[in-house]
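Student: just the structure for this:
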Amino acid sequence: MSSVLVVGYDPRAIPGVDGEALRAALDLELARFGEHGIDAAMTLVVFDESAESTLITSLTERPWDVVVVGGGIRKAEQLLPLFERIVNLVRRHAPQAAIAFNTSGGDSVEAAQRWL
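Tutor: A predicted model of the protein is given here:
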């Protein structure tokens with residue numbers, strides 16, 4: 001069974017956003033992986049000193065086939081340093097994994113499938 005790690009920005013850390021509703025939508029997308037026979041997990045990070053250790057723990061948990069980096073991290077200019085850090089951590093700690101990018105929380109399955 002293929003394995004995918006989805007890395008996203010924790011919606012509960014975004015001011016002025018209904019973080020719980022966004023988290024519920026992300027959980028639905030995660031469940032959709034199972035409908036496609038893909039074993040998936042999600043790691044949500046925030047832009048602080050915990051991001052690196054949180055991500056390294058997830059990346060080294062098992063050998064991932066694909067790591068999907070969410071649009072919430074890539075599209076926000078102020079998160080560019082976090083995005084760079086994530087890409088380099090994936091290269092270092094999960095070198096066997098393809099790196100994919102979604103456009104929203106609702107197309108992570110399709111992003112991963114491009115590389116499976």
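
Student: all helices of the chain, in order?
Tutor: 19-35, 50-59, 71-74, 80-93, 108-113 (DSSP state H).

Student: among these, which is the most enclosed?
Tutor: Highest mean neighbour count of the helices of the chain: helix 108-113, a mean of 21 (counted as mean count of other CB atoms under 10 Å). Where C-beta positions appear, they are placed from N, C-alpha and C, glycine not excepted.

Student: ok, residues contacting stretch 23-36?
Tutor: 4, 6, 8, 10-12, 39-42, 44, 105-106, 108-109, 112-113 (CB atoms under 8 Å, 6 or more residues apart in numbering).

Student: excluding its backbone neighbours, what's nearest residue 101?
Tutor: Among residues not flanking residue 101 along the chain, residue 69 sits closest, at 5.5 Å (CB to CB, 6 or more residues apart in numbering).

Student: give me the pLDDT value at the one you found.
Tutor: Per-residue pLDDT puts residue 69 at 97.

Student: my read: it touches residue 86, true?
Tutor: Yes - between residue 69 and residue 86 there is a contact under CB atoms under 8 Å: 5.8 Å.

Student: common neighbours of these two, please.
Tutor: residue 7.

Student: ok so, going back, what subset of the contacts of stretch 23-36 is buried?
Tutor: Among these, those buried by neighbour count (16 or more other CB atoms under 10 Å) are 4, 6, 8, 10-11, 40, 42, 44, 105, 108-109, 112-113.
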